[in-house]
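>>> only geometry, no sequence info:
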């Protein structure tokens, strides 16, 4: 498929068993990590081109397109992305981003969740579903993960917000204020 290069740094894959991780920088993601993201991106691009009910899974990532053409991407059965269409199924309606249910010690989404989300958001931007440059990113000053673009962002963290929605429009980044789900309240 001709869409591979914008989403991956390398097409050369080594079997996971042959990679020596003892000297690997822990901040560098493995090729197999990116390969799973790339395969998920390819499936999402296929959905954008031709939405039809389907199920797909590879490694820990699952994709389902239901009968109403709603796409859901999950990691270990925890949704991380959902794309809905209008009732006539002609246009995209909203894009939902979830924190994913697996968090680091500070409540930020896991590295796997952030990797998958950024690959998927990049593909959605490249295909004109949402604006380009929409990302999930970590702010070292505050130690929090954000979802957004530039100054238009929201904290995506188990202690603040676990799901946010944007309108599916390629020219404007607009949060759907009614669809921002704060964390679940704790019983004290």
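That came through, no problem. Please read these numbers as outputs of a predicted model, since none were measured by experiment. Residues are numbered from 1 along each chain as shown.
>>> Break down the protein into its strands, ranges please.
Read by DSSP state E, the chain holds these strands, from start to end of the chain: 54-58, 61-65, 71-75, 78-85, 92-98, 135-139, 144-149, 152-155, 161-167, 181-182.
>>> ok, residue 165 - how many residues close by?
The number of residues packed around residue 165, counting by other Cβ atoms under 10 Å, is 21. Where C-beta positions appear, they are placed from N, C-alpha and C, glycine not excepted.
>>> wait, what's in contact with it?
Shown here is residue 165, whose contacts under the criterion Cβ atoms under 8 Å, 6 or more residues apart in numbering are 94, 95, 96, 97, 175, 176, 179, 180.
>>> Give the bridge partners for it, please.
Assessed by DSSP bridges, residue 165 has beta-bridge partners residue 96.
>>> likewise residue 152?
residue 149.
>>> again, but for residue 175
For residue 175, the beta-bridge partners are residue 166 (DSSP bridges).
>>> do you know how far it is from residue 36?
Going from residue 175 to residue 36 by Cβ to Cβ, to the nearest Å gives 28 Å.
>>> Settle it for me: which of the two has more neighbours?
residue 36 (19 against 16).
>>> Now do that one against residue 88, distance only.
Distance of residue 36 to residue 88, given as Cβ to Cβ: 33 Å.
>>> burial count for the nearest residue to residue 119 once chain neighbours are set aside?
Excluding the flanking residues, the one nearest residue 119 by Cβ to Cβ, 6 or more residues apart in numbering is residue 37, at 4.0 Å. For residue 37, the number of neighbouring residues by other Cβ under 10 Å comes to 24.
>>> Many thanks, have a good one.
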